[in-house]
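K.L.:
build me a model from this:
(2 chains, ligands or ions: 2)
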Amino acid sequence: MMLMQIKNLSVTVNAKAGGKKILDDVSLQISQRSIFALVGGSGSGKSTTGLSILRLLDPGLTISSGEVLFSGRDILKLPPEQLRQVRGKDIAMVFQEPLYAFNPVLPIGRQIEEVFLSHTDFSPQKRTAETLRLLDIVGIKEPRRVYKSYAHQLSGGMRQRAMIAQAVALKPKLIIADEPTSSLDVTLQARIIELFMKLRDDLNLSVLLITHDLGIVEHMADTVAVMNGGQIIETGAVTQVLKNPQHSYTQELLTYAGRT
Amino acid sequence: MNKSALGLSQWERALTQFCANRFAVVCLIILALIHGAAIFADFLAPYSFSNEDRTFSYAPPSKIHFIDENGQWRAPFIYGRKITFDQYHKREYLDQVEQKYSLRFFVKGDAYKILWMVPCSWHLFGVKEGGRIYLCGADSRGRDLFSRLLHGARISLSIGIVGVLISFSIGLLVGGIAGYYGGKVDDILMRVCEMFMLFPGFYLLLALRAVVPASFTSVQVYVSIIIILSFIGWASLARVIRGMCLSLKEREYVLAAKTMGLSDLTIIIRHILPHTLSYSLIAVMLSIPGYILAESSLSLIGLGIQDPYASWGNLLSEAMGIVKIKFAPWILLPGFFILVTVMCFNIVGDALRDALDPKSS
Ligand SMILES: Nc1ncnc2c1ncn2[C@@H]1O[C@H](COP(=O)(O)OP(=O)(O)OP(=O)(O)O)[C@@H](O)[C@H]1O
Ligand SMILES: [Mg+2]
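P.N.:
Residues are numbered from 1 along each chain as shown, chains lettered A, B, ... in the order given. Ligands and ions are numbered 1, 2, ... in the order given. Okay, here's the model as predicted:
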């Protein structure tokens, strides 16, 4: 069953700044309860694809054509209030560097609670209780301490877990994770990947995983799409694409990753 | 990661640095005392602001004696005084040796309400019925200037603080919205700001004051002065805040908040404006004097707080004739209080800037 379909998405830099095409006719499909990896070199347009889905592109960029169908609705055509409901509730996002994704002057717990404040009518006690529960779900040992901590007081792994806790707060159906493990050391990377897989099973969600790391893709993803220069050049089941790459660019990527 | 780079221990460091500036700390203490005195004016002042005795017109400050006419020590007291006129019809107050009023503490006097709620009539000090004590002399109608200074502090200081709070709320919100949305919204809001900044403040103040109906009661005049002052003050702050928001909105946590579907207003108020706090705090401290001075100027020329209510400005308006200053120099005291308060706010504001924004010094 398809959860989200991106159809012929193109993004251009505003005419004033040159009108260059950054995404060119990108199409992809993410099925329910799956992990979809988007790989490609730096500047290939992976983050732009992720942000287009939530319509959070830099004002200097415009979506010139295409559709983003999510449970039958085109997100690109939603009125602002419905779009706001989709953000956080249906689709959430996890960033590469959670240190910057948390406001440095608010305790972590308060920021996670904001999600409930904006989307539910929970009482303050319920909000706190839910937040503590979430922190527990993502494997944080001392939820109460983390709840009161500021981002800089936590370790990288803890921060990323807290960020993931915020993302799953409203049980979204899709999480867009933009290089969620690139800022972590190898052992932590594995733990976070395991967490994503556990959440997928427990909460029935799909993950759009943006990454450089083919090792992670192999270990975790079901489907992979390879991007280059704003286009998707190859897509398919992970086993298939990694074993038997069709496109020369994919072969190159694999060579550099040392897997041929 | 460096803590201070994230703006967290910044406050602790700023506090240490502020405290190192002894002069500013003294000024802060003076401000605290003046504001405390204003809050408890009713209790600290021996009389209400309108308690008058025309037989004591322009009576000089009472001398407090410890030794009586026979050279004997006794508890502090004042002599009763009687008015006479010399050959040039100048007032002279003569001590009446047979009338002694000892200075008493915690006496009953004019009724008032503690903090506008609890009825009470105790005063810190005073003298027995029949005598009148004038620590700072009397005005033309024999009202105690000391009492009126304290009551005036209430009005002058509260206009400053309430005015600043209102205009800063407007300025922060307008600046935040303009900076956050950018584009057309920004253009329109900034043109409006410029319109307000274009007019010389004092003339705009007079023009707006002219709109206030003459039939207004004192309270209404007080409120309208606050509103007028806030109305003028917000624009310059809004411009600066807007500039700061332009860069603050590019922070990743703002993007993260958007992905979680927080509303724009929530993002502006919770994730953007708090980061302008240190600037706003400095700006607040440095702009309160402007409000106090503006109220004083209005009251001085008779357009502000009206008699019998007291504000430092309208108390000072009594001191507009050189003859009065010559024979009753104490009526200049309100000017001294304005001066000290304004100076303290400026010094504290400057010290705060040095402490919070090390780059500026
Ligand atoms: N606001 C913008 N204005 C102009 N060009 C932009 C803008 N944002 C991104 N680009 C360009 O779009 C291209 C794709 O950027 P994007 O961030 O999506 O790449 P990416 O695949 O996520 O790369 P990385 O792996 O480095 O994160 C880049 O060439 C970048 O220079
Ligand atoms: Mg990227």
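K.L.:
which stretches of the stretch 151-260 of chain A have low pLDDT?
P.N.:
Within the stretch 151-260 of chain A, the segments meeting pLDDT under 70 span A:258-260.
K.L.:
in it, which spans are helices?
P.N.:
Counting by DSSP state H, counting those that start in this stretch, the stretch 151-260 of chain A has helices at residues A:156-167, A:186-203, A:214-220, A:238-243, A:248-256.
K.L.:
deepest-packed of these, please.
P.N.:
Highest mean neighbour count of those: helix A:156-167, a mean of 25 (counted as mean count of other C-beta atoms under 10 Å in any protein chain shown). Just so you know, the C-beta spots here come from the backbone N, C-alpha and C atoms, and that holds for glycine as well.
K.L.:
can I get the helices of the stretch 151-260 of chain A in TSV with distance to chain B?
P.N.:
Formatted as TSV, the helices of the stretch 151-260 of chain A follow (distance: least, C-beta to the nearest C-beta, whole Å):
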stretch	distance to chain B
helix A:156-167	7
helix A:186-203	16
helix A:214-220	22
helix A:238-243	26
helix A:248-256	27
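K.L.:
distance between the ends of stretch A:84-98?
P.N.:
22 Å (C-alpha to C-alpha, to the nearest Å).
K.L.:
can that stretch be found next to ligand 1?
P.N.:
No. Stretch A:84-98 lies apart from ligand 1 when judged by C-beta under 6 Å from any ligand atom; the minimum separation is 8.0 Å.
K.L.:
buried set for that stretch?
P.N.:
Under the neighbour-count criterion of 16 or more other C-beta atoms under 10 Å in any protein chain shown, stretch A:84-98 has A:84, A:86-98 buried.
K.L.:
kindly report the same for stretch B:160-175.
P.N.:
Buried residues in stretch B:160-175 (16+ other C-beta under 10 Å): B:160, B:162-164, B:166-168, B:170-175.
K.L.:
partner strands of the helix or strand encompassing B:Q96, with direction?
P.N.:
Following DSSP states H and E, one finds B:Q96 within strand B:91-102. Paired with strand B:91-102 in the same sheet, following DSSP bridges, are strand B:73-85 (antiparallel).
K.L.:
so which of the buried residues of stretch B:160-175 are in strands?
P.N.:
Using DSSP state E, the subset of the buried residues of stretch B:160-175 located in strands is empty.
K.L.:
save the residues you listed as TSV, and put in distance to ligand 1 too.
P.N.:
As requested, those are exported to TSV (distance: C-beta to the nearest ligand atom, whole Å):
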residue	distance to ligand 1
B:G160	45
B:V162	44
B:G163	42
B:V164	39
B:I166	38
B:S167	36
B:F168	33
B:I170	32
B:G171	30
B:L172	28
B:L173	28
B:V174	27
B:G175	24
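K.L.:
how about TSV for those residues, with pLDDT and distance to B:D110 added?
P.N.:
Output for these, formatted as TSV (pLDDT from 0 to 100; distance: C-beta to C-beta, whole Å):
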residue	pLDDT	distance to B:D110
B:G160	90	26
B:V162	93	26
B:G163	91	29
B:V164	92	31
B:I166	93	32
B:S167	92	35
B:F168	92	36
B:I170	94	38
B:G171	93	40
B:L172	93	41
B:L173	94	42
B:V174	94	44
B:G175	94	46
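K.L.:
now, among these, which is nearest to chain A?
P.N.:
Checking those against chain A with C-beta to the nearest C-beta, the nearest one is B:L172 at 15.6 Å.
K.L.:
pretty sure that closest one contacts B:L277?
P.N.:
No. With contact defined as C-beta atoms under 8 Å, B:L172 does not count as touching B:L277 (9.8 Å).
K.L.:
one step back: reformat the buried residues of stretch B:160-175 as TSV; add distance to B:Y88.
P.N.:
Formatted as TSV, these follow (distance: C-beta to C-beta, whole Å):
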residue	distance to B:Y88
B:G160	42
B:V162	47
B:G163	45
B:V164	48
B:I166	51
B:S167	51
B:F168	54
B:I170	56
B:G171	56
B:L172	59
B:L173	61
B:V174	60
B:G175	61
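K.L.:
would CSV of the residues you listed with distance to chain A be doable?
P.N.:
Converted to CSV, the buried residues of stretch B:160-175 look like this (distance: C-beta to the nearest C-beta, whole Å):
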residue, distance to chain A
B:G160, 28
B:V162, 27
B:G163, 27
B:V164, 23
B:I166, 25
B:S167, 24
B:F168, 19
B:I170, 23
B:G171, 20
B:L172, 16
B:L173, 19
B:V174, 20
B:G175, 18
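K.L.:
so which of those residues are in helices?
P.N.:
B:160, B:162-164, B:166-168, B:170-175 (DSSP state H).
K.L.:
thinking again about what came up before, against chain B, which of the buried residues of stretch A:84-98 make the cut? List them.
P.N.:
A:84, A:86-89, A:92-93, A:95, A:97 (C-beta under 8 Å from any C-beta of the partner chain).
K.L.:
from these, pick the one nearest B:I338.
P.N.:
Distance ranking of those against B:I338, using C-beta to C-beta, places A:R84 first at 50.3 Å.
K.L.:
the closest one and B:S263 touch, don't they?
P.N.:
Yes. Counting by C-beta under 8 Å, A:R84 touches B:S263, with 6.6 Å between them.
K.L.:
quick one, strands of chain B?
P.N.:
For chain B, the strands defined by DSSP E occupy B:65-67, B:73-85, B:91-102, B:104-114, B:118-126.
K.L.:
nearest to ligand 1, of those strands?
P.N.:
In terms of C-beta to the nearest ligand atom, the element of the strands of chain B nearest to ligand 1 is strand B:104-114, at 60.7 Å.
K.L.:
elements contacting that closest one?
P.N.:
Contact partners of strand B:104-114 among helices and strands, from 3 or more C-beta pairs under 8 Å, 6 or more residues apart in numbering or on different chains; DSSP states H and E: helix B:41-44, strand B:118-126.
K.L.:
that strand versus strand B:73-85: what angle between them?
P.N.:
Going by axes from the mean of the first three to the mean of the last three C-alpha atoms, to 10 degrees, strand B:104-114 is angled at 70 degrees with respect to strand B:73-85.
K.L.:
quick check: the residue of the stretch 101-250 of chain B nearest ligand 1.
P.N.:
Of all residues in the stretch 101-250 of chain B, B:E250 sits closest to ligand 1, at 10.8 Å by C-beta to the nearest ligand atom.
K.L.:
contacting residues for residue 50?
P.N.:
Just so you know, I chose chain A. With contacts defined as C-beta atoms under 8 Å, 6 or more residues apart in numbering or on different chains, A:G50 is in contact with A:38, A:93, A:176, A:178, A:208, A:210.
K.L.:
meant chain B, my bad for not saying
P.N.:
Contact analysis of B:S50 by C-beta under 8 Å, 6+ apart lists B:143, B:308.
K.L.:
got it, and the one 5 residues further on?
P.N.:
Under the criterion of C-beta under 8 Å, 6+ apart, the contact list for B:T55 reads B:83, B:142.
K.L.:
mind checking pLDDT for it?
P.N.:
pLDDT, B:T55: 83.
K.L.:
that older thread, CSV for the helices and strands packed on strand B:104-114, including mean pLDDT?
P.N.:
Shown next, in CSV, are the helices and strands packed on strand B:104-114 (pLDDT from 0 to 100):
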stretch, mean pLDDT
helix B:41-44, 90
strand B:118-126, 88
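K.L.:
centroid-nearest residue for chain B?
P.N.:
In chain B, the residue lying closest to the centroid (C-alpha atoms, centre = their mean) is B:L157, at 1.7 Å.
K.L.:
which secondary structure elements does the helix or strand where A:V115 lies contact?
P.N.:
A:V115 belongs to helix A:108-119 when assigned by DSSP H and E. With contacts taken as 3+ C-beta pairs under 8 Å, 6+ apart, helix A:108-119 sits against helix A:80-89, helix A:124-137, helix A:143-148, helix A:156-167, helix B:264-266.
K.L.:
good, wrapping up.
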